[in-house]
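# Model the structure of this input:
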Amino acid sequence: MKKILNDPKNFVPEMLDGLLKAHADQLSYAANDLRCIVRADAPVSGKVALATGGGSGHLPVFLGYVGRGMLDGCAVGDVFQSPSADQMLEVTRRIHGGRGVLYIYGNYGGDVMNFDMAAEMAGMEDIEVRTVLVKDDVASNRDPEKRRGVAGMVFAFKCAGAKADLGGSLDEVEAIARKTLANVRTMGMALTPCIVPQVGKPTFTLGEDEMEMGMGIHGEPGISRETLKPADEIAERMLRAITGDMPVGAGDRVAVMVNGLGATPPEELYIVYRRVHDVLTGEGVKIHRAYVGEYATSMEMAGCSLTLFRLDDELTTLLDHPARTPFFVQV
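Sure thing, here's the model as predicted:
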């Protein structure tokens, strides 16, 4: 294992310490716990607060989207592990501005259990909490309710965060999060595994000439392992998996995200985007915004994911709303 670190046991706290020092103007933490990340100006009085959380190893997800116009707080777990219910409760207390808190996070068992406990405890303190689960990965299950959340959650953070920033009620912010996710789908593929620092070995193996379609961001098995294909074919395979689940066609408007998983050069991501752009525009689909880069990673895994966000006028306005976080700036 070759990594730039000290003791693997200190990987997460040292990462958080560095990140907080680098972005002290935007981020702080609650309850003397570096794992309870909040906006530096939290709580924002009179605004619905948004919170997320999950395991480390996915930057910018999750804590990278804490900031103006997006999230108010994030509970941080160890690499690929859920934060505790107590940590989520501390984040909730710190960000509550008097109008309730919306949880938005991925559909993973440990997260669901701990966030539900935090919401129940917050309710005992008269803090109203609502929950929206992200389930955008079309490869993970045929049943939409059993799918896992991946890079598409960034669009939910963005649009729900914009609605809250504009003064929306808890009902309205929750409704926008649900509307956003109803129009978001993601498909990914992997070329290499990643290494959890405290484990010290790859989470799975792939041959030099192999790729896995539908691989999860924790190394969950995909839908097929096969010989590496050209970029255009990979792009079209991911695109067709998405449009087969969420049809888009002539006259539709979308945002497109081509997301690197941690070790893919941006040049390769733009090659994928090129093909997606050409196919969609050739079919009469208007691309309103393109996001190409690392938005939800898996340590040093090589590969990428594709996300489509189908827009209407309301969602377009919210997507375009200004935001500023350590990893996402839109003016």
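# can you pull out the helices in the stretch 101-250 of the chain?
Under the criterion DSSP state H, counting those that start in this stretch, the stretch 101-250 of the chain contains helices at 109-124, 153-165, 170-182, 231-245.
# How about exporting the last one as CSV, limited to the C-alpha atoms?
Presented in CSV, the C-alpha positions along helix 231-245 are these (Å, rounded to 0.1, in the frame of the first residue of the first chain):
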residue,chain,number,x,y,z
ALA,A,231,-14.6,5.3,-24.2
ASP,A,232,-17.5,5.9,-26.7
GLU,A,233,-18.9,2.5,-26.0
ILE,A,234,-18.6,2.9,-22.2
ALA,A,235,-20.3,6.3,-22.5
GLU,A,236,-23.2,5.0,-24.5
ARG,A,237,-23.6,1.9,-22.3
MET,A,238,-24.0,4.2,-19.2
LEU,A,239,-26.2,6.6,-21.0
ARG,A,240,-28.6,3.9,-22.3
ALA,A,241,-28.8,2.3,-18.9
ILE,A,242,-30.0,5.7,-17.6
THR,A,243,-32.4,6.6,-20.4
GLY,A,244,-33.8,3.1,-20.2
ASP,A,245,-34.9,3.9,-16.7
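# from now on call the first residue 49
That works, and once the first residue is 49, the last one we named lands at helix 279-293.
# Show the end-to-end separation of stretch 119-137, please.
15 Å (CA to CA, to the nearest Å).
# so which strand or helix has the closest residue to A279 other than its chain neighbours?
Excluding the flanking residues, the one nearest A279 by CB to CB, 6 or more residues apart in numbering is I319, at 4.7 Å. In short, each C-beta sits where N, CA and C put it, glycine included. Assigned by DSSP states H and E, I319 belongs to helix 314-330.
# Which elements pack onto that helix?
Secondary-structure packing of helix 314-330 (3 or more CB pairs under 8 Å, 6 or more residues apart in numbering; DSSP states H and E): helix 279-293, strand 301-308, strand 334-341, strand 351-359.
# and among the helices of the stretch 149-298 of the chain, the most buried is which?
Ranked by mean neighbour count, the helices of the stretch 149-298 of the chain are led by helix 201-213 with a mean of 27 (mean count of other CB atoms under 10 Å).
# Select, out of the helices of the stretch 149-298 of the chain, the one closest to S130.
Closest approach to S130 among these (CB to CB): helix 157-172, 3.5 Å.
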